[in-house]
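1. Structure here, sequence nowhere to be found:
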Ligand code: SF4
Ligand code: SF4
């Protein structure tokens, strides 16, 4: 709450409601996939070890993502210590 600047629960109650949708609506959107900012990547390999879809390889010291394998789960993005990964459509 501090990080987001909230003081009490009522400050953020209901703010997520605008993002609620149906599975059918989600299915209409193009799939998301991860991309790496190679200028920020250290090649630590954390993302490659985490990916359940075997979509990440470390090549010449930088993470490379195979979009055809990426499920867009976002796990790599959450665990990258350098915030070098983002999800795009
Ligand atoms: S976790 Fe981040 S810094 Fe480490 S290899 Fe993956 S993208 Fe690069
Ligand atoms: S978003 Fe998920 S599936 Fe795609 S590369 Fe990252 S961990 Fe793997």
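-> Structure's in. What do you need? The model shown is predicted, which means the values in this text are computed figures rather than measured ones. Ligands and ions are numbered 1, 2, ... in the order given.

2. Next secondary structure after the helix or strand of the chain with the lowest mean pLDDT?
-> Least confident helix or strand of the chain, by mean pLDDT, DSSP states H and E, is helix 23-28 with a mean of 91. Moving toward the C-terminus from helix 23-28, the next helix or strand (DSSP states H and E) is strand 33-36.

3. What's the mean pLDDT across that following strand?
-> Mean pLDDT, computed over strand 33-36, is 98.

4. Who are the packing partners of it?
-> Under the contact definition 3 or more Cβ pairs under 8 Å, 6 or more residues apart in numbering; DSSP states H and E, strand 33-36 sits against strand 62-65, strand 85-88. No exception for glycine: its C-beta is placed from N, CA and C like everyone else's.

5. Give the pairing partners of it; include direction for each.
-> Here strand 33-36 is paired, per DSSP bridges, with strand 85-88 (antiparallel).

6. which non-adjacent residue is nearest the residue positioned nearest the centre of the chain?
-> For the chain, residue 74 is the residue whose C-alpha lies nearest the centre (Cα atoms, centre = their mean; 3.1 Å). For residue 74, ignoring the flanking residues on the chain, the nearest one in space by Cβ to Cβ, 6 or more residues apart in numbering is residue 87 at 5.6 Å.
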